[in-house]
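Colleague: structure here, sequence nowhere to be found:
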């Protein structure tokens, strides 16, 4: 199981040098990957949760790729309908080239109706748009001369090179827990990327629903690659109410053991607590927690949890 950290590309402390410190620091500790979030117009509702400045994820990942050597880099998640899929495919294929095959495309539909209105994209069609765009991206990635005919995007005989290094293409992680999202993960994704969940929900509801969806579509289960909290507390929290990754380091270790037993291939740690500005940057306390985690909670070299 690979372990990664969500680099926070927003907030008053977000600067190019600070983002580079995040990335190189995470890599120096031995973490396997880092991911970055997405918002584009940053409307008032988004700013209240994820304050500006907000660095564009694809531009930032391309820049971070030049600062690092080995960690995989991806989006958690790119809101697909916000951008033309040809532009997404071209930019991400370039990033995969520049990073020597280290890119992961995490995708989602987003939640801010105001952002959709600002971009002139129909909010209530975001799921269908996302499905069409993902198919268009995959076609562009995998054909030197690409053609796609869909409801929301049509193109014909487009020259797509340079193509991604990864074969057949960079992995696609699909976020969300609705039935539509699970269907998307099974049909179009390589992995399911759930966030903000309790472990009992994942074990008793989330994964069974995903398996049922895969069985109904006669498709294999996508890989499990969740994003969990990294909220280290000094006292134990109630296991019936806490989110995965929230609690003492021992409780976080227990969550990771559960995820390892469930076959999770990657786990992303997210330290940000919405509305708490001081959690939006790499503070000394967060760095200390990451160091302890890397040294005692997991075995990064062997990609497993210390038991």
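Modeller: Yep, it's here. The shown structure was predicted, so the numbers you read here are calculated from the model rather than taken from an experiment. Residues are numbered from 1 along each chain as shown.
Colleague: which stretches of the stretch 151-300 of the chain form strands?
Modeller: 154-159, 172-175, 191-193, 223-224, 227-229, 231-232, 246-247, 266-270, 298-299 (DSSP state E, counting those that start in this stretch).
Colleague: what are the pairing partners of the second one, and which direction each?
Modeller: Applying DSSP bridges to the sheet, strand 172-175 is found paired with strand 103-108 (parallel), strand 191-193 (parallel).
Colleague: quick check: mean pLDDT of it?
Modeller: When pLDDT is averaged along strand 172-175, the result is 98.
Colleague: again with the last one
Modeller: Averaged over strand 298-299, pLDDT sits at 98.
Colleague: got it, and the fourth one?
Modeller: Across strand 223-224, pLDDT averages out at 98.
Colleague: so which strand or helix has the nearest residue to residue 98 once chain neighbours are set aside?
Modeller: In this structure, residue 98 finds its nearest non-sequential neighbour in residue 65, 5.4 Å apart by C-beta to C-beta, 6 or more residues apart in numbering. Quick note: C-beta positions are derived from backbone N, CA and C, even for glycine. In the assignment (DSSP states H and E), residue 65 maps to helix 57-67.
Colleague: tilt between that helix and strand 103-108?
Modeller: Between helix 57-67 and strand 103-108, the angle comes out at 160 degrees (axes from the mean of the first three to the mean of the last three C-alpha atoms, to 10 degrees).
Colleague: pairing partners for the next helix or strand along the chain from helix 57-67, with directions?
Modeller: Sequence-wise, the next helix or strand downstream of helix 57-67 (DSSP H and E) is strand 72-75. Applying DSSP bridges to the sheet, strand 72-75 is found paired with strand 33-36 (parallel), strand 103-108 (parallel).
Colleague: which one of those lies closest to residue 264?
Modeller: Checking the strands paired with strand 72-75 against residue 264 by C-beta to C-beta gives strand 33-36 as the closest, at 13.2 Å.
Colleague: contact partners of the helix or strand following the closest one?
Modeller: The helix or strand immediately downstream of strand 33-36 is helix 44-49, counting by DSSP H and E. Contacts of helix 44-49 with the rest of the structure, by C-beta atoms under 8 Å, 6 or more residues apart in numbering, involve 39, 54, 112, 114-115, 274-275.
Colleague: same list (those residues) but as CSV, adding pLDDT.
Modeller: Rendered in CSV, the data for the contacts of helix 44-49 read as follows (pLDDT from 0 to 100):
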residue, pLDDT
39, 97
54, 96
112, 98
114, 98
115, 98
274, 87
275, 76
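Colleague: filter those residues down to the buried ones.
Modeller: Neighbour-count burial (16 or more other C-beta atoms under 10 Å) applied to those gives 39, 54, 112, 115.
Colleague: who's in contact with the first one?
Modeller: Looking back up the chat, that one is residue 39. 10, 46, 50, 54, 79, 112, 115.
Colleague: show me what contacts the first one?
Modeller: The one in question is residue 10. The neighbours of residue 10, taking C-beta under 8 Å, 6+ apart as the test, are 37, 39, 50-55, 280.
Colleague: next one: it from residue 220, what distance?
Modeller: Here the criterion is C-beta to C-beta, to the nearest Å. By it, residue 10 lies 36 Å from residue 220.
Colleague: just the third one next, same as before
Modeller: Applying C-beta to C-beta, one obtains 34 Å for the distance of residue 50 from residue 220.
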